[in-house]
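1. Predicted model, plus sequence, below.
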Amino acid sequence: MTNNNEVKNNIVLIGFMGSGKTVVGRTLAGLLDYAFVDTDEQIRQVTGLTLPQLFRKHGEIRFRSEEELVVKKIAVKQKQVIATGGSLTPVATNFDLLRSNGWFVLLSADPQTILSRISRKNDRLLLCGKPDLSSLEKMVQERETLYKQTANFIVDTTKIGVEDAAKAIAQRYCAYVETGV
Ligand code: S3P
């Protein structure tokens with residue numbers, strides 16, 4: 001049994017856009033009675049702009065600086081489920097800030113499923129623009145290599161529903177809290 005002080009008590013959900021971070025995160029937070037925080041939503045609240053508006057008006061540099069401020073604020077709080085933006089984890093500063101108290105869960109899904117999920121709505125912004133299936137596959141593969149280096153646990157949401165994904169994470173996280181591994 002490890003010292004409880006060392007057990008990370010924020011759960012950080014990482015993964016590509018459309019992998020289910022927000023919906024699974026909200027359900028997971030309910031199961032654990034943790035606060036739910038979505039970094040993209042925080043940026044929207046702080047700036048009063050949707051992400052596409054923020055990009056159009058001020059560009060990626062401003063988005064990144066807002067994102068870093070939000071991460072700095074969140075990282076010092078406890079007992080949260082944090083849904084990160086799909087392009088957040090690969091940025092080293094954010095990763096380091098969240099890692100000090102973060103237990104990382106990668107949500108993955110196959111590219112075809114991601115494409116159909118993100119095509120349903122038109123209000124999202126993918127940094128690399130609207131992809132076709134083959135460029136999306138390439139992007140998913142590149143980012144997943146980074147996500148995987150960070151993840152303590154991986155859940156594939158391609159074929160399971162939100163509740164089951166959240167329960168699987170809660171179960172694994174409780175085992176981690178109990179045993180320290
Ligand atoms: C992005 C994903 C978005 C958001 C930003 C860029 C990306 O987050 O952070 O628009 O390039 O993958 P979600 O993964 O929550 O949609």
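-> Structure received.
2. What ranges does the protein have for its strands?
-> Along the chain, the stretches classed as strands by DSSP state E are 10-14, 35-38, 80-83, 102-108, 153-156.
3. contacting residues around the second one?
-> Same thing as strand 35-38. If you take CB atoms under 8 Å, 6 or more residues apart in numbering as the criterion, strand 35-38 is touched by 21-22, 25-26, 28-30, 74, 77, 79-83. Glycine gets a C-beta too; all of them are placed from N, C-alpha and C.
4. hmm, try it at 10 Å
-> Contact partners of strand 35-38, identified using CB atoms under 10 Å, 6 or more residues apart in numbering, comprise 10-13, 21-22, 25-30, 44-45, 70, 73-74, 77-85.
5. buried stuff in that strand?
-> Residues 36, 37, 38 are the ones in strand 35-38 that count as buried (16 or more other CB atoms under 10 Å).
6. Number of residues surrounding the closest residue to the first one other than its chain neighbours?
-> To tie it back to what came earlier, the one meant is residue 36. Using CB to CB, 6 or more residues apart in numbering and skipping the chain neighbours, the partner closest in space to residue 36 is residue 29 (3.7 Å). Using other CB atoms under 10 Å, residue 29 has 21 neighbouring residues.
7. before we move on, what about residue 157?
-> Applying other CB under 10 Å, we find 24 other residues in the vicinity of residue 157.
8. got it, and the one 4 residues further on?
-> Residue 161 sits with 13 neighbouring residues when counted by other CB under 10 Å.
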